[in-house]
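Colleague: this one's sequence-less:
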């Protein structure tokens, strides 16, 4: 009997036919509870939507309100190869054709005809400031032309192999885009310098590949980023923006040897990058050209 009593108690807890209660509550009681929670969650959802709406009204579609960025822009090379290593053999065309194709793809938006059609011929050596006029937004903003012919022997125009077939390869360097960056003071444009990267060979011993690097040629002259390409106003505000480039041509690098290279940005108002971020203001890569001769 005791077992039956307990079984009946459980049954009546879930549904009591005498009082018409489900789990100890009547249908009207459960209805009021569900109505309360429905109203409560609708209120929370409405509060969330209102908060997001108010926040979005403070944002500018064309310029981020806040930027969490490094004080020193990063750098990158093209072609970048695997693990920033550019290795090929002169006599085997297939080993360097992929680098040539990568450069062609990268440089195609910089074709002179494309730049002349889309972008503005700016006055060099000064910032191209395009501020808004009060509440009147100056969008879309114009962008300055950067024609690939500026890179001369590394443009892929006069030498369609970018020197890779001769063991005198070109490396293209770009500085990462930073909205509002004015990278110079007193009209001294930033410029790129490349040299042999130091590496550790012992506990307290360091070495570099200066004797293997050979002479370098920079395009544009002195490896400068002209001031007319700054400031950058953002992807939406400046839809046709073309990043300025610098090309380095290795004229007589030692063959059949690993050559560790480091390129840096030099500017009088951009601090040097730290060891914690290897891409801040500099880029390191390995170059090796093999030859049977």
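Modeller: In hand now; what should we look at? Note that the structure is a prediction, hence the values are computed from the model and not measured.

Colleague: thinking residue 197 is in contact with residue 258, fair?
Modeller: No. Under the criterion of Cβ atoms under 8 Å, residue 197 makes no contact with residue 258, lying 10.9 Å away. Quick note: C-beta positions are derived from backbone N, CA and C, even for glycine.

Colleague: Now the common contact residues for these two.
Modeller: Residues touching both residue 197 and residue 258 comprise residue 209, with contact defined as Cβ atoms under 8 Å, 6 or more residues apart in numbering.

Colleague: the more surrounded of the two?
Modeller: The residue with more neighbours, out of residue 197 and residue 258 and counting by other Cβ atoms under 10 Å, is residue 197; that gives 18 against 12.

Colleague: Would you map the helices across the protein?
Modeller: Remark: helices assigned in the chain by DSSP state H are 2-14, 27-57, 93-107, 112-118, 210-213.

Colleague: next one: the shortest one to chain centre, how far?
Modeller: Its chain's average C-alpha position is 31 Å from that of helix 210-213, according to Cα atoms, centre = their mean, to the nearest Å.

Colleague: what about the stretch 151-293 of the chain, any weak spots by pLDDT?
Modeller: For the stretch 151-293 of the chain, applying pLDDT under 70 flags the ranges 273-279.

Colleague: Next, the contact list for the spatially most central residue of the chain, please.
Modeller: Nearest to the centroid of the C-alpha atoms of the chain, with distances taken as Cα atoms, centre = their mean, sits residue 176, at 5.8 Å. Contacts of residue 176 were listed using Cβ under 8 Å, 6+ apart, and they are 73, 74, 75, 76.

Colleague: Could you do residue 86 as well?
Modeller: Applying Cβ under 8 Å, 6+ apart to residue 86 gives the contacts 79, 99, 169, 171, 285, 286, 287, 288.

Colleague: Just give the closest residue to the fifth one, not the sequence neighbours.
Modeller: Of all residues beyond its chain neighbours, the one nearest residue 285 is residue 84 (4.2 Å), with distances taken as Cβ to Cβ, 6 or more residues apart in numbering.

Colleague: how's this structure carved up into domains?
Modeller: Under automatic domain parsing, the residue ranges defining each domain of the chain are 2-57, 75-290.
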